[in-house]
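[1] With the input below, show me the fold.
(chains A and B)
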Amino acid sequence: MSVPLSHVLIVASLMFAMGLGCVVAWRANVIMMLIGIEIMLNAVMLTFVGGSAHWGIADGQLFALMLMALTSAEVSLALAMVVYLHRRKQTVNTDNFDSMKG
Amino acid sequence: MTLADLYSIMPIIITAGAALVVLLCGPMLLSASLTAIGVTASAAAGVWAALSTPTSTPAVAGLAFTPLARFLIPLFCFAAAITLLLSHSYNERRGIKGEEFPATVLFALFATCVLPCATNMLILFLALESVSFAFYILVSMDLSRAESGEAGLKYLLLGAVAAAFTAFGFALLFTGSGTLQLSGALARPENRAIISAGWGVILVGMAFKLSLVPGHLWTPDVYQGAPAPVSAYLSTSSKVAAAALLLMLLGLSPPMPELRVPLAALSVLSMVLGNLAALRQQNIKRMLAYSSVAHMGYLALALLSGSRDGYAAVLLYGAVYTAMNLAAFGAISSLSVEEERELITDYAGLGFTAPLRGGVLALAMISLAGIPPAAGFIGKFFIFYSAIKGGAITLAIIGILSAAASAHFYLKVVAQLYMHRGEAPAPRPVSLAEGLALCLASLMILVIGVYPGPLLGAIEAALH
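    Numbering: from 1, shown residues only, chains lettered A, B, ... in the order given. Next comes the predicted model:
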């Protein structure tokens, strides 16, 4: 493989950290949090594909494909919930979802 | 694939089939018959799993009916059956209609049954996430309460972040070991840094799923927002499933030395902060949520000891905790009128006006506090015993002290039930299904507490 494994891992870790940063920094907006989670999962897929290429087996690519299916299921569920809550509260701002405290 | 292979994964087929049947036939049948189908299927799957002999050869690619599965599948089926029995009258009172509820409970049961059968990380991860997906839906099922949808969204967002962490951990384990088999998680000399990084990231993800401090923030909101039977199911099956995932990845060997400090920190923080936060809760479901944080801290302590005794204590505590929380949330669900009784003071005097349910709630609280002869004592005893034997004496002492302090808020509920007279609205008469579910759960608490021998034997067999 022309790209060394360590480079793939560094890029993937940076992407993962950026996705996590997006989730933490944009805590106010549900949509931005979902985008951050997407970026984190893309970093995971990159790691799997890189590992697959390093070892010369397809298992990691299979995992990455399954992750895509899983991610789309997750996002559709999340968006359904966002639409439902938006109808109730007219907002996607998480600060307004504060009916429970303690 | 032979007929024997099919037989060995029959519990999975039964639950999947029942979920599809409930979903497809839902519009034609009464909700009572849907619940009956669900309960029958879970009971059948549980009995089948308990009676068949485990093998280690995979029946289909990635699925084998392992000894661990033989122990855990009946436990998951028990929890699902109790949840379905409890939810029927609860859903009628709260106006939760449709076949989605029993079908989603059965889908969650299917995923929890797949999890202990997994022989590679792909199936393991997919099963874990399918469990979470089903619970995201179940938590937000109550459309008439604003808290329910809100709790669902919070659980989903934090759960998705946790899933990303877990997946990243699996990716690092795969990259480090070059295999997706569960043995890839074991320590090996080459690529040790990548594998221990993978374990660290998995631990972060699992801290969310097991609600260990600092990943516990979603727990109180989700338990409070979810319908009470769902809280019962969520607090038992999903936690036991996450603990089982860690056990399967560890593969009966002690955790890597790098993991000891993070695990110890998670365990101590959860035990201490969970119990302290529970002390000041007025809402009974939030109190139980923080208590579940503390109980998962005890579980992490047993994992830390890394011995066979410790892992046996994890499985025993999983079974004990399932029985206790099903009884506690079951009583809460059954005592609800139009609204749930939220505050602990709302339970004043119910020990006299509703003797069965008050008694079950009191028994669950006594067991959670770890007072013999209830099962909670046996569970805590084995955890602290294995921790002390494993050398974690300081942690065990902190755990025992915090467990002693926790008796205060559990017994507060018992005192409200029997020593106060309340003006709270009288509960409805208990329905047959609820009575059966509560009796089964409290019977399990008492049997494990008084006569734990058979269960310990089953756990011994599960760890071979």
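[2] host element of whichever residue of chain A sits closest to chain B?
    Residue nearest to chain B within chain A (C-beta to the nearest C-beta): residue A:51, separated by 3.3 Å. Every C-beta, even on glycine, is put in place using the N, C-alpha and C of the backbone. Assessed by DSSP states H and E, residue A:51 sits inside helix A:30-55.
[3] Where does the prediction get shaky in the chain?
    You didn't say which chain, so I picked chain A. For chain A, residues meeting the criterion pLDDT under 70 lie at A:1, A:101-102.
[4] between the helix ranked longest in it and helix A:30-55, how big is the angle?
    Assignment by DSSP state H gives helix A:59-89 as the longest helix of chain A. Here the directions of helix A:59-89 and helix A:30-55 differ by 180 degrees (axes from the mean of the first three to the mean of the last three C-alpha atoms, to 10 degrees).
[5] Is there proximity between helix A:59-89 and chain B?
    Yes: Helix A:59-89 reaches chain B (C-beta under 8 Å from any C-beta of the partner chain) through A:59-60, A:62-63, A:66-67, A:70, A:73-74, A:77-78, A:81-82, A:84-85, A:88-89.
[6] Just the buried residues from those, in PyMOL please.
    For the buried members of the residues of helix A:59-89 next to chain B, the matching PyMOL selection, counting by 16 or more other C-beta atoms under 10 Å in any protein chain shown, is:
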select buried, chain A and resi 59+60+63+66+67+70+74+77+78+81+82+85
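[7] burial count for the closest residue to the residue of chain A closest to chain B other than its chain neighbours?
    Of all residues not flanking residue A:51 in the chain, residue B:175 sits nearest, at 3.3 Å (C-beta to C-beta, 6 or more residues apart in numbering or on different chains). Using other C-beta atoms under 10 Å in any protein chain shown as the criterion, residue B:175 is surrounded by 26 other residues.
[8] which stretch of helix or strand covers residue B:175?
    helix B:146-177.
[9] Using CSV, write out every CA atom in the very next helix or strand once past that helix.
    Toward the C-terminal end, the helix or strand that comes next after helix B:146-177 (DSSP H and E) is helix B:192-209. Output of helix B:192-209 as CSV, limited to C-alpha atoms (Å, rounded to 0.1, in the frame of the first residue of the first chain):
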residue,chain,number,x,y,z
ARG,B,192,-0.1,-3.1,21.0
ALA,B,193,-0.6,0.6,21.0
ILE,B,194,-3.4,0.5,18.4
ILE,B,195,-5.2,-2.3,20.3
SER,B,196,-5.0,-0.6,23.6
ALA,B,197,-6.2,2.7,22.0
GLY,B,198,-9.1,0.7,20.5
TRP,B,199,-10.0,-0.7,24.0
GLY,B,200,-9.9,2.8,25.4
VAL,B,201,-12.3,4.2,22.8
ILE,B,202,-14.6,1.2,23.3
LEU,B,203,-14.6,1.9,27.0
VAL,B,204,-15.7,5.4,26.4
GLY,B,205,-18.6,4.1,24.3
MET,B,206,-19.5,1.5,26.8
ALA,B,207,-19.4,4.1,29.6
PHE,B,208,-22.3,5.8,27.8
LYS,B,209,-24.2,2.6,27.3
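[10] is any part of helix B:192-209 close to chain A?
    Yes: residues of helix B:192-209 are located near chain A by C-beta under 8 Å from any C-beta, namely residue B:194.
[11] Give me the below-cutoff pLDDT ranges for the stretch 201-350 of chain B.
    In the stretch 201-350 of chain B (pLDDT under 70), no residue qualifies.
[12] Tell me where it has helices.
    B:218-225, B:228-233, B:239-250, B:260-279, B:284-305, B:308-335, B:350-353 (DSSP state H, counting those that start in this stretch).
[13] residues in contact with stretch B:25-35?
    B:22, B:37, B:84-85, B:87-88, B:91-92, B:97-100, B:102-103, B:433 (C-beta atoms under 8 Å, 6 or more residues apart in numbering or on different chains).
[14] Swap in 6 Å and give it another go.
    The set of residues external to stretch B:25-35 that reach it, using C-beta atoms under 6 Å, 6 or more residues apart in numbering or on different chains, is B:22, B:84, B:88, B:99, B:102.
[15] Buried among those? Make that a PyMOL selection.
    The PyMOL command for the buried members of the contacts of stretch B:25-35 (criterion: 16+ other C-beta under 10 Å) is given here:
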select buried, chain B and resi 22+84+88+99+102
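[16] near chain A, from the contacts of stretch B:25-35?
    Among these, no residue lies close to chain A (C-beta under 6 Å from any C-beta of the partner chain).
[17] Could you dump the contacts of stretch B:25-35 into TSV with secondary structure and pLDDT added?
    As requested, the contacts of stretch B:25-35 are exported to TSV (DSSP: H, G, I helix; E, B strand; the rest coil; pLDDT from 0 to 100):
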residue	secondary structure	pLDDT
B:22	helix	95
B:84	helix	96
B:88	helix	91
B:99	coil	89
B:102	helix	95
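[18] which phi and psi does residue B:118 have?
    phi -60, psi 140 (degrees, to the nearest 10).
[19] That one touches residue B:125, doesn't it?
    No: the criterion here is C-beta atoms under 6 Å, and residue B:118 misses it with residue B:125 at 8.6 Å.
[20] which residues do the two both contact?
    In terms of C-beta under 6 Å, 6+ apart, residue B:118 and residue B:125 are not both contacted by any residue.
[21] so how many other residues sit close to residue B:32?
    Residue B:32, neighbours per other C-beta under 10 Å, totals 12.
[22] any idea how far it lies from chain A?
    Residue B:32 sits 28 Å away from chain A, going by C-beta to the nearest C-beta, to the nearest Å.
[23] Against chain A, how distant is the closest residue to residue B:350 other than its chain neighbours?
    Distances taken as C-beta to C-beta, 6+ apart place residue B:358 nearest to residue B:350, at 4.7 Å, with adjacent residues excluded. Taking C-beta to the nearest C-beta as the measure, residue B:358 falls 25 Å from chain A.
[24] Just the angle for the longest helix of chain A relative to helix B:146-177, thanks.
    Helix A:59-89 runs at 170 degrees relative to helix B:146-177, counting by the same axes, to 10 degrees.
[25] for helix A:59-89, packing partners?
    helix A:30-55, helix B:121-139, helix B:146-177 (3 or more C-beta pairs under 6 Å, 6 or more residues apart in numbering or on different chains; DSSP states H and E).
[26] Return the most buried member of those helices.
    Of the helices and strands packed on helix A:59-89, the one with the most neighbours on average (mean count of other C-beta atoms under 10 Å in any protein chain shown) is helix B:146-177, at a mean of 25.
[27] quick revisit: correct me, but the residue of chain A closest to chain B touches residue A:60?
    Yes: contact criterion C-beta under 6 Å: residue A:51 and residue A:60 qualify, at 4.7 Å.
[28] shared neighbours of the two, which are they?
    Shared contacts of residue A:51 and residue A:60, counting by C-beta under 6 Å, 6+ apart, come down to residue B:174.
[29] And residue A:4, its phi and psi?
    When read as degrees, to the nearest 10, the backbone of residue A:4 gives phi -70, psi 150.
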